[in-house]
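K.L.:
here is my input, please return the structure:
(one chain, ligands or ions: 1)
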Amino acid sequence: MADKNFPLLFERSKEGRTSYSLPELEIDAFDLEEELEDVYIRKEPPKLPEVSELDIIRHYTGLASRNYGVDSGFYPLGSCTMKYNPKINEDIARLEGFSHIHPYQDPNTVQGALEMLYDLQESLKEITGMHEVSLQSAAGAQGEWTALMMIRAFHEANGDYNRTKVIVPDSAHGTNPASAAVAGFEAVTVKSNEEGLVDLDDLRRVVGVDTAALMLTNPNTLGLFEKDILEMAEIIHDAGGKLYYDGANLNAIMGYVRPGDMGFDAVHLNLHKTFTGPHGGGGPGSGPVGVSEELAAYLPKPLIMKEKDSFRFDYDRPQSIGRIKPFYGNFGINLRAYTYIRTMGAEGLKKVSEYAVLNANYMMRQLEKVFQLPYPQHCKHEFVLSGSIQKKLGVRTLDMAKRLLDFDIHPPTIYFPLNVEEGMMIEPTETESKETLDSFIDIMTRIAKEAEEDPETVQEAPHHTIVKRMDEATAARKPILRYEES
Ligand SMILES: *Cc1c(COP(=O)(O)O)cnc(C)c1O
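P.N.:
Numbering: from 1, shown residues only. Next up is the predicted model:
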């Protein structure tokens, strides 16, 4: 579907138009076809748009102005921690001493970069209360998988080959059961109780000699703190299993409570959420893994070690699960997280959690006046509303999410977790002002009123966007319609 006012780059194409000019050739032209075997040579030139430099600039500037991000507006996407990413991170990441180095350089020539990574490892150890940290993993899901592979290696080193099951709460993020399956385990569900917390009786029922680990998010995906965590840790440890902490969202607890102190044996963090690495759009992330002393031998290699005053990679780790990513993690994202931690300091990170929790509770208490709130206790960094009142009026949560687009707001996460009917998972984050929170509350209240008085306006939304309501399944499965089909 081509937009007449915004042609595709292919539609701007004019034969023979270019956006480069090369100096005249000073040597004899070289005929590739003579040198290379036939199979390597294209039979026809690739179908590329032929455009001027100005065409390209207008095309991408136009796309950028139609794009939506945290820098352009409020983005309360639950479980994603879409906080503002300070621009000082970008300044530091662009320093030549960092941006012009190469991973194949002799470690003696990049001591500063290694020191930065080492310091980041140390900071994350302190923040999580874990014994050792690796920065290699490039995403939350990869961190989950890495930690599960380590837990598997630990059990196998103890001759414990029959621990085939990983317990996952029914409210867990979808990556949890997926990582368990990819690591070769069977994911077993443990139910939540009416309070939205793990049901301890059900946990006792599913745990057994075949339990390899429990994967848990705390606060959980409903934004609620699992207050019985120490008892849960005991249940799992007594059965010989390990506790894995999905720390993708550490935003509610920094400086207050640490996974290591809650009894967890392994944890991953999403530096592209809590620690202000830019994320979304499939860009690079960083999902460091921290472990207890007992699991440290299995960490991916190499780790960065400090010896007297110099830094080096330590490959001498015979029990390591091996390398899980080329080179050493996503350096640029790790550097941004390091910059964030250094600029905030310990007190600053504590304040981050205080404001994240305050903002979420303020918003929740205002919105429960017009939406059903399934779990009425105080929340942590996020909360989940149900659109069940509006559904009775014929307006669904999807309609309300689309209506938000008319007010230039990115909708919250919807229909998740699955145990909430018509769920809306809202995470305001600490970086939003009271004015922004109030404006969102006003707009949501207005939409709830529209659902009562003028449901069609909501059902047919969005009205003011460039693209109207899309077929969600096709948009997800076929995001790009080819030029020929358009
Ligand atoms: C985002 C998230 C993940 C997955 O992180 P990715 O970097 O997207 O792989 C896992 N668990 C929770 C709770 C999350 O919010």
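K.L.:
list the buried ones in stretch 434-448?
P.N.:
By neighbour count on 16 or more other CB atoms under 10 Å, the buried set for stretch 434-448 is 436-437, 440-441, 443-444, 447-448. For the C-beta atoms, the positions are set from N, CA and C on the backbone; glycine is no exception.
K.L.:
near the ligand, which residues of this protein?
P.N.:
Residues of the chain lying close to the ligand by CB under 6 Å from any ligand atom are 79, 139-141, 173, 175, 217, 246, 248-249, 270, 285, 287.
K.L.:
where does the stretch 201-350 of the chain have low pLDDT?
P.N.:
Residues of the stretch 201-350 of the chain meeting the criterion pLDDT under 70: 280-283.
K.L.:
mind listing the strands for it?
P.N.:
Counting by DSSP state E, counting those that start in this stretch, the stretch 201-350 of the chain has strands at residues 211-216, 242-247, 266-269, 289-291, 303-307, 310-314.
K.L.:
including mean neighbour count, could these go into CSV?
P.N.:
Output for the strands of the stretch 201-350 of the chain, formatted as CSV (neighbours: other CB atoms under 10 Å):
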stretch, mean neighbour count
strand 211-216, 26
strand 242-247, 28
strand 266-269, 29
strand 289-291, 30
strand 303-307, 17
strand 310-314, 15
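K.L.:
what comes up buried for the helix ranked longest in the chain?
P.N.:
Scanning the chain for the longest helix, with DSSP state H as the assignment, gives helix 331-367. By 16+ other CB under 10 Å, the buried positions in helix 331-367 come out as 331-341, 344, 349, 352-353, 355-357, 359-361, 363-364, 366-367.
K.L.:
tell me which of the strands of the stretch 201-350 of the chain lies nearest to Ala29.
P.N.:
strand 310-314 (45.6 Å; CB to CB).
K.L.:
list the helices and strands the closest one packs on?
P.N.:
helix 111-128, strand 303-307 (3 or more CB pairs under 8 Å, 6 or more residues apart in numbering; DSSP states H and E).
K.L.:
re the thing from before, off-centre distance for the longest helix of the chain?
P.N.:
Here helix 331-367 is found 15 Å from its chain centre; the criterion is CA atoms, centre = their mean, to the nearest Å.
K.L.:
need the next SSE after that helix, C-terminal direction.
P.N.:
strand 383-386 (DSSP states H and E).
K.L.:
okay, now the residue of the stretch 201-350 of the chain found nearest the ligand: neighbour count?
P.N.:
Closest residue of the stretch 201-350 of the chain to the ligand, CB to the nearest ligand atom: Ala248 (3.2 Å). Ala248: 26 surrounding residues under other CB atoms under 10 Å.
K.L.:
name the nearest residue to Val370, ignoring sequence neighbours.
P.N.:
Residue nearest to Val370 in three dimensions, not counting chain neighbours: Ala448, with 4.0 Å by CB to CB, 6 or more residues apart in numbering.
K.L.:
let me fix that: Ile341
P.N.:
Ser123 (5.1 Å).
K.L.:
and the pLDDT at the one you found?
P.N.:
The model reports Ser123 with a pLDDT of 98.
K.L.:
do you know how far it is from the ligand?
P.N.:
Using CB to the nearest ligand atom, to the nearest Å, Ser123 is found at 19 Å from the ligand.
K.L.:
the residue of the stretch 201-350 of the chain closest to the ligand touches Ala172, doesn't it?
P.N.:
No - the pair Ala248 / Ala172 is not scored as a contact, 10.9 Å apart, by CB atoms under 8 Å.
K.L.:
next, show the common contact partners of these two.
P.N.:
Counting by CB atoms under 8 Å, 6 or more residues apart in numbering, the residues touching both Ala248 and Ala172 are Thr217.
K.L.:
picking up where we left off before, the strands of the stretch 201-350 of the chain into TSV, with extra columns for distance to Asn193?
P.N.:
As requested, the strands of the stretch 201-350 of the chain are exported to TSV (distance: least, CB to CB, whole Å):
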stretch	distance to Asn193
strand 211-216	15
strand 242-247	19
strand 266-269	24
strand 289-291	29
strand 303-307	40
strand 310-314	45
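K.L.:
so the spatially closest residue to Thr431 that is not a sequence neighbour, which state does it fall into?
P.N.:
Ranked by CB to CB, 6+ apart and with sequence neighbours excluded, the top spatial neighbour of Thr431 is Tyr84, at 4.0 Å. Of the three states, Tyr84 takes coil according to DSSP: H, G, I helix; E, B strand; the rest coil.
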